[in-house]
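# Sequence plus the predicted model coming up.
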Amino acid sequence: MLVELQGGEGHGLEQDSASVVIEEVELVDSEGRVRNEIAFGDGVTVRIRYNARRRVERPLFGFRILYKGTQIMEASMLIDGYGPDNIEGKGYIECVFNSLPLTPKVYEIFLFARDALGIADIIRSGTYAQFRVTSEGMNRIPTDGPLAITHMREGPVVYAPRMWRWGKEET
């Protein structure tokens, strides 16, 4: 179970006036287990459990992953396109990452959802959960440099696979 930060911490709509109430935000590993820690580079699903108090046509869900209050990445139906035609009652929305490119640190999930036009909030937006990326799995990438693991823990938040090349210019 993720650390739930209850209802969005003062952003957007008041919970009583929201069309949709977020009941839980979970990270699910590739084996279907709910986790609050994931290994570096693992695949993960962000599952948003909601209760739509009334029928909402073509809702647009999204979330930002924050590190120390700074947005690192966003997954949003405002970018990717519509999800369900409508929601009503209890249900869930999932966003699947084959490999989450975040380095070992603690992150927060800032959740938002809008109406079909992408303008009006339908939930109380805010930070709903925290999770930690662990160093486990770092053996999947080259970490031959001095202080590689320490630098990954204390340095940048995103790891992009890459290859270095070098050579000497012909004269």
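Alright, I've got the coordinates. Numbering: from 1, shown residues only.
# Which single strand of the protein contains the most residues?
strand 44-57 (DSSP state E).
# What ranges does this protein have for its helices?
Per DSSP state H, the chain carries helices over the ranges 77-80, 148-154.
# tell me, which of those helices is the model least confident about?
Here the lowest mean pLDDT among those goes to helix 148-154, at a mean of 69.
# so where's this protein uncertain?
Applying pLDDT under 70 to the chain flags the ranges 1-17, 141-145, 148-149, 151-152, 162-165, 167.
# Which residues are in contact with the residue sitting nearest the centre point of it?
The residue lying closest to the centre of the chain (Cα atoms, centre = their mean) is residue 65, at 4.8 Å. Residue 65 sits next to 71-74, 102, 107-110 when contact means Cβ atoms under 8 Å, 6 or more residues apart in numbering. Any C-beta I mention is one placed from the backbone N, CA and C, and that applies to glycine too.
# can you check residue 52 too?
With Cβ under 8 Å, 6+ apart, residue 52 has these contacts: 19-20, 59, 87-91.
# Please spell out which residues along stretch 19-28 are buried.
Residues 19-22, 25-28 are the ones in stretch 19-28 that count as buried (16 or more other Cβ atoms under 10 Å).
# got those residues as a markdown table, with distance to residue 150 columns?
Formatted as a markdown table, the buried residues of stretch 19-28 follow (distance: Cβ to Cβ, whole Å):
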| residue | distance to residue 150 |
| --- | --- |
| 19 | 46 |
| 20 | 42 |
| 21 | 42 |
| 22 | 36 |
| 25 | 31 |
| 26 | 31 |
| 27 | 25 |
| 28 | 30 |
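# which of the residues you listed lies closest to residue 37?
residue 27 (8.6 Å; Cβ to Cβ).
# quick one: the strands in this structure?
Under DSSP E, the chain gives strands at 3-4, 20-28, 34-35, 37-39, 44-57, 60-67, 70-76, 86-97, 106-114, 126-134.
# between these, which one is nearest to residue 160?
Distance to residue 160, taken as Cβ to Cβ, is lowest for strand 70-76 among those, at 11.8 Å.
# Tell me the helices and strands packed up against that closest one.
Other helices and strands packing on strand 70-76, by 3 or more Cβ pairs under 8 Å, 6 or more residues apart in numbering; DSSP states H and E, are strand 60-67, strand 106-114.
# Rebuild the ones you listed as JSON lines, extending it with distance to residue 82.
JSON lines is the format used below for the helices and strands packed on strand 70-76 (distance: least, Cβ to Cβ, whole Å):
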{"stretch": "strand 60-67", "distance to residue 82": "7"}
{"stretch": "strand 106-114", "distance to residue 82": "11"}
